[in-house]
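>>> would you be able to build a 3D model of this:
(chains A and B)
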Amino acid sequence: MKIIVFVKAIKYVYAQTGTDPKANFIGPDDIVRIINPLDELALEEALRIKERQAGTDVLVISLGDGSAEDGLRKCLSMGADEAIHIYDEGYGELDAWMTATALASSIRNRDFKLILCGRRAIDDNGGLVGPYIAEIVGIPHVSGVVKLEIDGGGEGVLVHRAVERGNREVMECTIPGLFTVEKGINVPRYPTLPGILRAQKQAIQRVEIKDLKFPLKSFGPALNLTETISLSNPKPKKRSGGLVDATLSASDRLRLMMGGGDTETKGESTLVEGDTDKVLSEIERVLRESGIFPE
Amino acid sequence: MERMWAREIFWNVGADKKIIVYCLAVIALGVLVYGIYRRYFLWRKVSQNGEAFAFDSLGKRVWSLIVDGLFQRRLLREYYPGLMHGFVLWGFIILFLGTFTIALQEDITIPLMGISFLKGYFYLFYKLTLNTAGLVAIAGILMALVRRYIIRPDRLSRSAEQGVILIWILIILTTGFMLEGLRIYSLKNKWEVWSIGGWIISQSLTRMNTQDASAIAAHAVLWWVHLVISLGFVAYIPFSRLIHIVTSSANIFINAPVSQAVLSPLHNFEASNSFGVSTVRDFTPRQIFGLDACTQCGRCQDNCPAHISEKALSPKRVIEELKAQWLETGHLMRGGDGSQGERTGGNGLLLEEDVIWACTLCMACAESCPVYISSFEKIMELRRNLVLMKSTFFPEIATFFKDVETFGDTFGRGRAYREDWTMGIDVKRISDGEEADILFWVGCQGTFHDRNNLIAGSLAELFKAAGVDFGILGKDEYCCGDPMRRIGNEYLFHKAARRNIDLLGRLNFKRIVTYCPHCFNTLKNEYPQLGARFEVLHYTELLRDLIKGGSLKITKDMEKSVAYHDPCYLARANDIHGMPREVLRAVPGVKLVEPKHSRRGTFCCGAGGGHMWMREIPGKKINEVRLEEIMNVQPEIITTSCPYCLIMFEDGVRSLGLEGVRCLDIGEIIRDAL
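Now for the predicted structure:
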C-alpha cells in the first residue's frame, strides 16, 4: 500500500522580543523552524500502518525553503521511505488554494491509497489545504481523524472523528482517500540513532516549484483566491486573578497570581479546594458518582 | 649460643620429601594457572567490542594498587570490615613471605652460597612476626565469621561457598599453629617462646601430659594434611570467589585511573550501527573484567541513594546479574552455541527498565567500591542502548529531547528569552565580539529557572563588585549537553558539544567560570573528548580567590548554623569540597555543621541522571531522604553550590513541611555578607 504524507515546515513564533513594529515586534530569535506537529502525527500514523501491513511505502512531501528539507530529513529518520522537496523560497505568499494546487500537481500520475496530513498548520491555523488537495485530485476526504483503521479488504477505512464532549463520530470511507489528523490520534516516535544516521545519507528528491506541471498555464501568488490585508497582534488580554492557597508565602502567592492561575469556572461545575488529599478524594467521589469509576 | 636459635626445616618429615612437596606445589600451581587461563577466555573473548586494556598513567595505576590493594585504603573507610579483611590479607602476605624465605634459604642461599640466615636474632624476629601474622589472620577470620553469620548485615548474603572458604582458611591457620606447637613440644627449645602461637600450644600439650611419641606421630601426619589443604586452597582459587585475589587486584590496576566524571564517548558513530549495550558481548573487556572483580561486599548498595530510597535499583545486584549473564554466555560460547546468557530484564533487556532508569548517575557506587568497579557505568551503557537504538523511554523524555533540540535549552523556553535574567544588571556580551578575561557560563538552570536566575544575578553582581572582567554568551548560550548525555542520548550531547566548541573557539576569553557543577564537569572534563581544551572553574573557586585576594570584602556576619551540601558533580566527580567551605568560613559567625554523608561521600539530591525531567518512580523521594539526614544536624540554613540541589531541597522543605530552615546558594550568602 502506498501512503503519501504532506508535511509543512512551519515558522513557529514562540516569543515577541523584536524591536521592529512593522514586523509585529517579531525578531529572528523569536522563530524556530519545526515540522507542523499535526503533520508529525500524520506521518506517525502512516508509519504505524506500514508496521502493520507488509509492503507499505511512505512518501513524504514538503513545500518550502531550506527548512523543508531539514524537516524531510527528520521524517526520513522516523522511518519514511522516500522524500520529495518542492523548493519554494517564499513563505506565506501562496495561499491555501495555490499551495494545494502545487502539492496536488506533485502527486499527479502517482499511485496511492492514502494521503495523510495534519488537520491544520499551527502557524496560520488554516485547515484548508488538505480538503483542497482532495477536491483537486478527486478523492473523498475526512478531516479531524483521531483513529484510522483499514478494513480487511483494503478497499476502505473506518475513521473516528472527535466531536464535542468526548463523543466520536464514526465514518466509513473508500480509499484512495485523504484524511487530516487531529491531536490524540497517536504519540509520534522519537527516531533511533541508526535512523538518524541513515536519513543523513538518503537522497531527497528536489523539485523547483516552477517545474511542476500545473493544470493552468501560469502559477503564482497572482492566482491566490484570498488576500491578506493586514496582520496585527492581539491586544493584551485582561487576566482574571484567582484564589490561591493562603498557606503559601506572600511572594509565592504573588507569583502565582501574576502567572494567571484561574480557579473560577463558569456554569455548572464543582469547585474543589483544599489540600492535595482532600482534592483527590473529592475528585474520586465525583468520578464514582458519575459512573466513570466503578463502585 | 645464638647460632643455635633456628629450626630444622623438614624436621620429622625428612628432607628427602622435599621433592614430593615441590611436585605437589607444581601441580597446585598448574591448576591455578590453568584455572586463570580458562578465565582469561571469558575476560577477553566474550566481549566483541574489542577495545584492549589501556596502560597509560602507569604510575597512577601502580600507586592505586599499592594504596588500595595492599593498604586497603577504601576498605578501611569502615573499621570493622576494613580491619577484618586487612588482618586476613596481611596475615597471609606475611605468612607467604615466611614460606618464601625458607625456600630462599633452602634452595638458593645454602646450595649456591653456603649461607643460612634463619638463625639467631633474625630467626626470633622471623618467628615472632610470622606467629603474630597467623594470630592476626585467625582474628580476622573469626571477625568475618561473626559478621556474616551472627551480625548478618543486610548487604551480605550467606552462601555455602562463603562459609566453606572461611572455615578452610581457619583450618589451614590452626593446623599450622598445631604443627608448630607439636614441634616445639617435642624439641623443647627455650628460644621458641618467641613463636608465641606454637609456644602456647606446646604449653597446653605439656599440661595435658602428652606422650612424646604421640606428638611426633601426630606431627608427621598433620604436616601432610596441612600441606595438602594449603596447596588445595591455592588450586581452588580460580574456581571460587577466591579468584578475587587475582581479579580484584588486577581490576584496581585496570580501572583505578578511569575517571568517573567522564562517560565514555561514542567515537566515529557515523561508521557504527550499534550503540550502547544490549547483550553482554557489547561490553568492552575492561568493563567485563570489573564484573569478575566483585566479591559482593555490598558497599555500593549501602551508598546508593536510589537503593536507600527503596527504588528498584541495587548496584550490587546489577553487577551480580550482569556477571551471571556473562558467565553463562561464555559457557555457551565455549560449547559452540551461538546463544546468549539468560536475561533478567523483560523484553530481552539485560536488566529491568525500572533499574536502568532509577540511577541518578551520582557515582556513589563507584566511589565506594574498594576495587574500583563502576556499576553506574554499566547502567549507562544499557541506557544508551534504550535511548539510541530502541527509542524506549518515558514520553516526557521525548518531549525533553525535542525541546532541547528545538529551543536549545532544557526548559524549552528559547533563545529569545536567554538574556531575561540580566534585567537590571549590565553585563558584557562576549558573543558580540567583546573580549573579557572570564566567560561566565550561566547554564540553563541559572538562565531560566525562577529561583536559580536570582542566584545567577547574585553571582553577576558579586563579580561586578569585585571588579572581575567578565562577560556572558547571552543569547548564543546553548545547553552544555550534560543532561542529554546522562539520560543516554549521546547524539544530542555530541551535537550540543560540537556547536558550543565551535562557538567558543571563535571568541576571546581566557577562562570559563560556571554556575552549575554539571556544566563545570562537562565543559572541563568531557569537552576534551571532542578536542576542546578550556580552562574551566566553578564559581566557588573564583569566589574563594576573590575573597582571599581582597577584591570581595565581607563586612557583615551571619550567626547561623549552616549545613553545606556537597553536590555530586563537584565533590565526587571533581574533588572540590574544601573551597566552598573556605568561602563559607570567610563569613564570621557561620557555624558549619556536617551531615552524615559529606565531601566525596555526599548523598545525591536526586535530580541527576535526567530525573529532574522524569516522573516520580516508586519508592521514597531521594531529596526528602537526604533532607532528613541533613536536618539531623539541625542547621538553620542549608546551603549548596548547585542549582539542581538547591531546588530539590526547596521542594523537599515544602513537601516535608519543614520549618525554621532556609535554603540558600553560597553566592547568596556571600552577597548578603558584603
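>>> all contacts plus neighbour counts: C-alpha atoms, from now on.
OK.
>>> pull up the pairing partners for the host helix or strand of residue A:84, direction included.
Residue A:84 is located in strand A:82-87, with elements delineated by DSSP states H and E. According to DSSP bridges, strand A:82-87 forms sheet pairs with strand A:57-64 (parallel), strand A:205-208 (parallel).
>>> can you name the next helix or strand after the longest one?
Remark: after strand A:57-64, the chain's next helix or strand is helix A:66-78, criterion DSSP H and E.
>>> who touches that following helix?
Residues external to helix A:66-78 that are found in contact with it (C-alpha atoms under 8 Å, 6 or more residues apart in numbering or on different chains): A:7-9, A:33-35, A:40, A:43, A:60-62, A:82-85, A:87, A:89, A:189-192, A:195-200, A:202, A:204.
>>> need the buried ones from the residues you listed selected in ChimeraX.
The buried subset of the contacts of helix A:66-78, as determined by 16 or more other C-alpha atoms under 10 Å in any protein chain shown, is captured in ChimeraX by this line:
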select /A:7,8,9,33,34,35,40,43,60,61,62,82,83,84,85,87,189,190,191,192,195,196,197,198,199,200,204
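>>> please flag which of the contacts of helix A:66-78 sit within strands.
Secondary structure assignment by DSSP state E places A:7, A:9, A:33-35, A:60-62, A:82-85, A:87 of the contacts of helix A:66-78 in strands.
>>> for residue B:84, give its distance to residue B:297.
Taking C-alpha to C-alpha, to the nearest Å as the measure, residue B:84 falls 13 Å from residue B:297.
>>> and chain A, which of its residues are near chain B?
A:14-15, A:17, A:29-30, A:32-34, A:189-194, A:197 (C-alpha under 8 Å from any C-alpha of the partner chain).
>>> and those, which two are furthest apart?
The widest separation within those, taken as C-alpha to C-alpha, falls between A:17 and A:194 and amounts to 38.0 Å.
>>> which of these two has more residues huddled nearby?
residue A:194 (19 against 15; other C-alpha atoms under 10 Å in any protein chain shown).
>>> give me the nearest residue to that one, chain neighbours excluded.
Of all residues not flanking residue A:194 in the chain, residue B:273 sits nearest, at 6.0 Å (C-alpha to C-alpha, 6 or more residues apart in numbering or on different chains).
>>> so the one you found sits right up against residue A:196, yeah?
No: in this structure, residue B:273 is not within contact of residue A:196 by C-alpha atoms under 8 Å, at 10.9 Å.
>>> count of neighbours near the closest residue to residue B:479 other than its chain neighbours?
Closest residue to residue B:479 apart from its sequence neighbours, by C-alpha to C-alpha, 6+ apart: residue B:409 at 5.1 Å. Applying other C-alpha under 10 Å, we find 25 residues neighbouring residue B:409.
>>> check which helix or strand covers residue B:409.
Per DSSP H and E, there is no helix or strand for residue B:409.
>>> quick one: neighbours of residue B:344, just the number.
16.
>>> check which helix or strand it maps to.
Counting by DSSP H and E, residue B:344 is found in no helix or strand.
>>> swap in residue B:311?
Per DSSP H and E, there is no helix or strand for residue B:311.
>>> which residues does it contact?
Applying C-alpha under 8 Å, 6+ apart, the residues contacting residue B:311 are B:358, B:617-620.
>>> now residue A:119: closest residue in space, sequence neighbours ignored.
Nearest one to residue A:119, counting by C-alpha to C-alpha, 6+ apart, is residue A:180 at 4.5 Å.
>>> okay, and the beta partners of the one you found?
Following DSSP bridges, residue A:180 is listed with bridge partners residue A:117.
>>> check it and give its pLDDT.
Predicted confidence (pLDDT) for residue A:180: 97.
>>> same check, this time on residue B:145
pLDDT, residue B:145: 95.
>>> likewise for residue A:89?
Note on residue A:89: pLDDT of 89.
>>> contact partners for the residue in the stretch 551-674 of chain B that chain A sits nearest to?
Per C-alpha to the nearest C-alpha, residue B:654 is where the stretch 551-674 of chain B lies closest to chain A, at 9.7 Å. For residue B:654, the contact set (C-alpha under 8 Å, 6+ apart) is empty.
>>> report pLDDT for residue 196.
Assuming you mean chain A. pLDDT at residue A:196 comes out at 95.
>>> oops, wrong one, chain B.
88.
>>> do residue A:221 as well
pLDDT at residue A:221 comes out at 84.
>>> and what of residue B:2?
pLDDT recorded at residue B:2 is 67.
>>> burial measure for the closest residue to chain A within the stretch 51-200 of chain B, as a count.
Going by C-alpha to the nearest C-alpha, chain A is nearest to residue B:51 of the stretch 51-200 of chain B, at 21.7 Å. The number of residues packed near residue B:51 is 12, by other C-alpha under 10 Å.
>>> helix/strand/coil for it?
Classification of residue B:51 using DSSP: H, G, I helix; E, B strand; the rest coil returns coil.
>>> how about residue A:147?
Assignment for residue A:147 (three-state DSSP): strand.
>>> which helix in chain A has the most residues?
Using DSSP state H, we find that the single longest helix of chain A is helix A:37-52.
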